[in-house]
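K.L.:
coordinates for the following, if possible.
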Amino acid sequence: VQLVESGGGLVQPGGSLRLSCVASGFTFSRYIMKWFRQVSGRERELVASITSPDGSTTYGDFVKGRFTISRAKGRATVFLQMNSLQPEDTAVYYCSARQAYSSTDYWGQGTQVTISS
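P.N.:
Predicted coordinates for the structure are as follows:
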């Protein structure tokens, strides 16, 4: 299993970023895909998740309609569109995969998102 995130960077408050996570080594359609984020010294927190095949989504309370998680059609890729970014969104963002009814999570290496003027 391999998950490779990309799309992080430095943006000003109010800006947008689109994170991508390319998956390989497993049957993508059978896995729940999630985005987490972590600030140094804090616990990792759930940003968003999306199931398959129905595509049901859940979001952390702090998202407040600003982020959208989606799965690419025909490709083993999950996206996180982030709008109205604020300094408190600064963190390393991780992609994870878990098969339904399993307790095993697979993780990517993370991508840094920094919101600063």
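
K.L.:
what's the pLDDT at the residue nearest to A48 when sequence neighbours are not counted?
P.N.:
Nearest non-adjacent residue to A48, counting by CB to CB, 6 or more residues apart in numbering: I69, 3.9 Å away. Placement of C-beta: from N, CA and C, glycine included. pLDDT, I69: 98.

K.L.:
start at 59, not 1
P.N.:
Taking 59 as the first residue, the last one we looked at is I127.

K.L.:
I127 belongs to a strand?
P.N.:
Yes. Under DSSP: H, G, I helix; E, B strand; the rest coil, I127 falls within a strand.

K.L.:
host element of the residue nearest the centre of the chain?
P.N.:
In the chain, the centroid-proximal residue (CA atoms, centre = their mean) is W93; its distance is 2.6 Å. Using DSSP states H and E, W93 falls within strand 89-96.

K.L.:
packing partners of that strand?
P.N.:
Contacts defined by 3 or more CB pairs under 8 Å, 6 or more residues apart in numbering; DSSP states H and E place strand 89-96 against strand 75-82, strand 103-108, strand 125-129, strand 135-140, strand 149-157.

K.L.:
sheet partners, orientation included, of that strand?
P.N.:
Its sheet considered, strand 89-96 pairs with strand 103-108 (antiparallel), strand 149-157 (antiparallel) by DSSP bridges.

K.L.:
just put these in a markdown table and tack on mean pLDDT.
P.N.:
A markdown table is the format used below for those (pLDDT from 0 to 100):
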| stretch | mean pLDDT |
| --- | --- |
| strand 103-108 | 97 |
| strand 149-157 | 96 |
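
K.L.:
let me know which of these is the nearest to V59.
P.N.:
For the strands paired with strand 89-96, distance to V59 was read as CB to CB. The smallest value, 6.8 Å, belongs to strand 149-157.

K.L.:
flag every buried residue along the closest one.
P.N.:
By neighbour count on 16 or more other CB atoms under 10 Å, the buried set for strand 149-157 is A149, V150, Y151, Y152, C153, S154, A155.

K.L.:
then stretch 94-112?
P.N.:
F94, R95, V105, A106, S107, I108, S110.

K.L.:
thinking again about what came up before, okay, the buried residues of strand 149-157 in a markdown table with distance to Y89 next?
P.N.:
Listed next are the buried residues of strand 149-157 as a markdown table, based on distance: CB to CB, whole Å:
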| residue | distance to Y89 |
| --- | --- |
| A149 | 23 |
| V150 | 21 |
| Y151 | 18 |
| Y152 | 15 |
| C153 | 11 |
| S154 | 9 |
| A155 | 4 |
